[in-house]
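> Any chance you could fold what I've pasted below:
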Amino acid sequence: MDFNGAEIQTFLNRVPMPTAQHALWALKSQNLESRTPHLARNLEKSFEWWEGYYPPGIDLIGKHWRDAVETATKKYLQPMEFPFLLEEVNLYPNRD
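Predicted coordinates:
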């Protein structure tokens, strides 16, 4: 990956950033926080919870696929702990 590549820099500077939570987790897990000072406020907290699955999300999966997706998910991931920090994420508090 070329961190300074035009595509990556364009993505990291979009507001709102598509799939922002995943991008922030990736930056933090790869120790790239210093390369994105404009995102410092969003990188202050731990993102360990992002590596688990969101248990209430299983209910959102269509009944036809739910059992298979739930089985595969539980095979590879641990559930997020309650309270679910995902529910507290607000990356753009000043936007409507």
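
> longest helix of this structure?
Using DSSP state H to define each element, the chain has its longest helix at helix 63-76.

> Now that helix: buried residues?
70, 73 (16 or more other C-beta atoms under 10 Å). Where you see a C-beta, it was placed from the backbone N, CA and C, and this is true even at glycine.

> wait, Y54 sits on F84?
Yes: in terms of C-beta atoms under 8 Å, Y54 counts as a neighbour of F84; the distance is 6.3 Å.

> if we can go back for a sec, what does the longest helix of the chain contact?
53, 58, 61 (C-beta atoms under 8 Å, 6 or more residues apart in numbering).

> Return the alpha-carbon coordinates of stretch 17-33 using CSV.
C-alpha atoms of stretch 17-33 as CSV (Å, rounded to 0.1, in the frame of the first residue of the first chain):
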residue,chain,number,x,y,z
MET,A,17,-15.4,9.6,5.0
PRO,A,18,-17.0,6.4,3.5
THR,A,19,-16.6,3.4,5.8
ALA,A,20,-14.9,5.8,8.3
GLN,A,21,-14.9,3.5,11.3
HIS,A,22,-13.1,0.7,9.4
ALA,A,23,-10.6,3.2,8.0
LEU,A,24,-9.9,4.6,11.5
TRP,A,25,-9.5,1.1,12.9
ALA,A,26,-7.0,0.3,10.1
LEU,A,27,-5.0,3.5,10.7
LYS,A,28,-4.8,2.8,14.4
SER,A,29,-4.0,-0.9,14.1
GLN,A,30,-1.2,-0.1,11.7
ASN,A,31,0.2,2.7,13.9
LEU,A,32,-0.4,5.4,11.2
GLU,A,33,-2.1,8.0,13.5
